[in-house]
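Undergrad: Sequence and predicted structure below; questions after.
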Amino acid sequence: MNEYSDTAALLMGAQGDPEAWKQGMEAMQRRTAMGPLQIELVRVEDDEIEYQMPITDAARQPFGLLHGGINMLLAETAASSHACYGVDLTKVLPVGIEINGSHLRAASDGHVRAVARVIRRSSALIVHEVEIIHVESGKLLCTARVTNYYKAVG
């Protein structure tokens, strides 16, 4: 096994236990873009997940605003990680097949929160609507839709 299959095994062992699953995701984040961007899992439920991150220089574009690509990374992170929740990862793995987003407002400091909600789930696909919200002002910065396909393992 490699470190990625170790993570899958850890997440599989945590199914049905949101706190244990959260700990597994936090252990995995150090090896992903989540680590340097300080993206933290806040909570997970059957149909919703929430992440939060600070707006730092690593997340800004050259004019000091939160980079639009970071909004998309945060949306993809939330939806794709939630697509793993409650799923037998030895049989299927979620693979992102579509993402779109609308940037509605800008922010340059503080924190952003991503809340991904399931809007459609089938045996083959899961679709999330994701809202990126500026924590300090409560304003909606971005909306996104992410579709993951459940690809058979093997």
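TA: Cool, the structure landed.
Undergrad: which residues touch Glu48?
TA: 82, 115-118 (Cβ atoms under 8 Å, 6 or more residues apart in numbering). C-beta coordinates here come from the backbone N, C-alpha and C atoms, glycine included.
Undergrad: Looking at those, point me to the pair that's furthest apart.
TA: Val115 and Val118 (11.5 Å; Cβ to Cβ).
Undergrad: quick one on the thing from earlier: could the contacts of Glu48 go into CSV alongside distance to Gly64, pLDDT and neighbour count?
TA: Converted to CSV, the contacts of Glu48 look like this (distance: Cβ to Cβ, whole Å; pLDDT from 0 to 100; neighbours: other Cβ atoms under 10 Å):
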residue, distance to Gly64, pLDDT, neighbour count
His82, 31, 95, 29
Val115, 25, 98, 18
Ala116, 27, 98, 29
Arg117, 30, 98, 17
Val118, 34, 98, 18
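Undergrad: Of these, which belong to helices?
TA: Judged by DSSP state H, the subset of the contacts of Glu48 located in helices is His82.
Undergrad: Using TSV, lay out the contacts of Glu48 together with distance to Lys139.
TA: Below are those laid out as TSV (distance: Cβ to Cβ, whole Å):
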residue	distance to Lys139
His82	23
Val115	14
Ala116	18
Arg117	18
Val118	24
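Undergrad: which phi and psi does the most far-flung residue of the chain relative to its centre have?
TA: Going by Cα atoms, centre = their mean, the residue of the chain most distant from its centre is Phe63, 25.5 Å out. Phi and psi for Phe63, reported as degrees, to the nearest 10, are phi -100, psi 10.
Undergrad: can you check Glu19 too?
TA: Dihedral angles (degrees, to the nearest 10) for Glu19: phi -70, psi -40.
Undergrad: From Met25, how far off is it?
TA: 11 Å (Cβ to Cβ, to the nearest Å).
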